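Engineer: Next comes the sequence, and after it the predicted model I'd like to discuss.
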There are 2 protein chains.
Amino acid sequence: MPPLPEKVRIVEVGPRDGLQNERETIPTATKLAFINKLAEAGHSQIEVTSFVSPKAVPQLADAVEVARALTPKAGVIYSALTPNMKGLERAIEAGIRRVAVFTAASESFTKKNINMTIDESFAAFTPVVERARAEGISVRGYVSTAFVCPYEGDIDKTKTLAVTRRLLELGCDEVAVSDTIGAASPKDVFETVGFILKSLPAEKLALHFHDTYGTALANVLAGLQLGITTFDSSAGGLGGCPYAPGASGNLATEDLIYMLERMGITTGLNLAKVAEASSLIAQTLGRRLPSRQWQRLSSSGPC
Amino acid sequence: MPPLPEKVRIVEVGPRDGLQNERETIPTATKLAFINKLAEAGHSQIEVTSFVSPKAVPQLADAVEVARALTPKAGVIYSALTPNMKGLERAIEAGIRRVAVFTAASESFTKKNINMTIDESFAAFTPVVERARAEGISVRGYVSTAFVCPYEGDIDKTKTLAVTRRLLELGCDEVAVSDTIGAASPKDVFETVGFILKSLPAEKLALHFHDTYGTALANVLAGLQLGITTFDSSAGGLGGCPYAPGASGNLATEDLIYMLERMGITTGLNLAKVAEASSLIAQTLGRRLPSRQWQRLSSSGPC
């Protein structure tokens, strides 16, 4: 069997990708408590918000307040999405030191999601990346619908590679190859990520899986076997993409920690503390979360 | 990467393992409709009930009625658990042609579960296996707590191999190596099942995973890579083990079908029809089921 890595870095996207897809908007104070708890749990990178139009994503309308009110813990990077210059400027003012831009491998998806072609999306965020880097702010890129698109179906791996490479050449230090609607299987991961790895180094890639179809942890195993060591997840399994039909549920951080640690792979994270953080959101939403670990640990018990 | 098989056989355990752990007892007529729908979905083997004391498992007290009232579909094997001679006799009378006996790799678990040592469990079902085979009835064996025991913790793979081999030598044609509480990771599967495969052939093994900890499909991937081609699952993700603390939720048949078919592995099953079968139970229970696929397809939508 392929060897497994000894360590994995988990990027916590709960406060951004998780919360942006909840119908209910979480109060700012609760978000801050959530983020603080996640930092206490040992996270080294937490994506705290997205500086986008409040009309587009009302759940994150308090981006500036959240970023400004953070009580930063040493050794933790607090990042945010900044799709345009206005968003970047607000992020810089609020003290954010790592940002992310996003595009997709599917033209139909970028069109439906942000009303641009892939080229137009690059035109829009190229100045963002350049300005961020000039300010000493690091940049991550996201490639959505890297495997499957809700409109186009299966995505050609050469397209996914092309967009990934273009983001790195632009100045992103890492690209999160994302299964936006969660439809990918381990075979898609082996084929597409395996193909990308023939041209680009594993250290510059992260895998961002959704669990809508139940395959997220199996996809993580495939990623580990390919040598990928950075994975995104969302506390409790919150989140999805509002513009992707049927999308729901990031890979749950608690479930990812459980599997990795059980496999002898160090995460540096405290599962119980992540579950406590998730509970803050669960209480506000008044519902159970998808994470199996959270369900096991929470008093309401399993389904 | 290790090659993947072209075909997998799924053993549907929903009507037995699934229903035995539901607090509510499903009416016999609903169970029969459930089983018929599962057969229509393409299942070739359905574990329909367990011939045990109604005091032990009240949810399956109607074992004889269910077995007798089955409208058998050609090409479908309807099996049942028969832990003792009385159960076997009732099964034979009711027309069952495939039975199963069970034990565990953990002494503590057999003690707590059925109040016997492993040796005593073999003593109890050896006559069952012999009588069944004399009647031309095929027999499957289950090894519970094959990887992790809720009482003893990690299980030594040599114990799991010993019990598995003993069941095959007794006359079982297949042994289901079972992660009873769902705590195993792919690494446990590679180590324990890999070890077993040095002595026993893959064709005689099945893997029975629970999704309590979220690792079931990742464990299936590990099993596929080892060359295992028979996996158990439960429609909708029902089930667990009443005697294992915290156990809940078999691997969901719909989720297993999705991943395998997406990987180009033939199952012979119709996912939507399995989900319809699951819905019959969901309606009676009045709650959502854990299966991600079922959630996507059912009108109540995702979490």
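Structural biologist: Arrived safely, thanks for sending. Residues are numbered from 1 along each chain as shown, chains lettered A, B, ... in the order given.
Engineer: can you map out the helices along the stretch 1-150 of chain A?
Structural biologist: A:19-20, A:28-40, A:63-69, A:85-93, A:107-114, A:118-134 (DSSP state H, counting those that start in this stretch).
Engineer: Chain B: which of those is closest?
Structural biologist: Counting by CB to the nearest CB, chain B lies closest to helix A:19-20 out of the helices of the stretch 1-150 of chain A; the figure is 14.4 Å. Every C-beta, even on glycine, is put in place using the N, C-alpha and C of the backbone.
Engineer: right, is that closest one up against chain B?
Structural biologist: No. For helix A:19-20 and chain B, the contact criterion (CB under 8 Å from any CB of the partner chain) is not met; the two come no nearer than 14.4 Å.
Engineer: Put together TSV for the helices of the stretch 1-150 of chain A, with distance to residue A:249, mean neighbour count and mean pLDDT on each row.
Structural biologist: Formatted as TSV, these follow (distance: least, CB to CB, whole Å; neighbours: other CB atoms under 10 Å in any protein chain shown; pLDDT from 0 to 100):
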stretch	distance to residue A:249	mean neighbour count	mean pLDDT
helix A:19-20	13	26	92
helix A:28-40	17	20	98
helix A:63-69	22	18	97
helix A:85-93	26	18	97
helix A:107-114	18	19	94
helix A:118-134	25	17	98
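Engineer: Would you reformat these as CSV and include distance to residue A:186?
Structural biologist: Putting the helices of the stretch 1-150 of chain A into CSV (distance: least, CB to CB, whole Å) gives the following:
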stretch, distance to residue A:186
helix A:19-20, 27
helix A:28-40, 28
helix A:63-69, 35
helix A:85-93, 35
helix A:107-114, 22
helix A:118-134, 26
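Engineer: nearest spatial neighbour of residue A:189, skipping sequence neighbours?
Structural biologist: If the residues on either side of it in the chain are set aside, residue A:189 comes closest to residue A:222, at 3.9 Å by CB to CB, 6 or more residues apart in numbering or on different chains.
Engineer: So which elements touch whatever helix or strand the one you found lives in?
Structural biologist: Here residue A:222 sits within helix A:216-226, counting by DSSP states H and E. In terms of contacts (3 or more CB pairs under 8 Å, 6 or more residues apart in numbering or on different chains; DSSP states H and E), helix A:216-226 is packed against helix A:186-188, strand A:205-209, helix A:253-262, helix B:216-226.
Engineer: mind checking which of the helices of the stretch 1-150 of chain A is nearest residue A:144?
Structural biologist: helix A:107-114 (6.1 Å; CB to CB).
Engineer: that older thread, the residue nearest to residue A:189: how many residues sit nearby?
Structural biologist: Residue A:222: 28 surrounding residues under other CB atoms under 10 Å in any protein chain shown.
Engineer: show me what contacts it?
Structural biologist: Applying CB atoms under 8 Å, 6 or more residues apart in numbering or on different chains, we find residue A:222 in contact with A:186, A:187, A:189, A:190, A:193, B:221.
Engineer: So which residues on the stretch 101-250 of chain A come close to chain B?
Structural biologist: Counting by CB under 8 Å from any CB, the stretch 101-250 of chain A sits next to chain B at A:183-188, A:190, A:194, A:211-215, A:217-218, A:220-222, A:225, A:237, A:240, A:246, A:248-249.
Engineer: Could you check the pLDDT of residue A:242?
Structural biologist: Per-residue confidence at residue A:242 stands at 36 (pLDDT).
Engineer: and the angle from the helix holding residue A:222 to strand A:205-209?
Structural biologist: Angle of helix A:216-226 versus strand A:205-209, following axes from the mean of the first three to the mean of the last three CA atoms, to 10 degrees, is 160 degrees.
Engineer: Okay then, goodbye and thanks.
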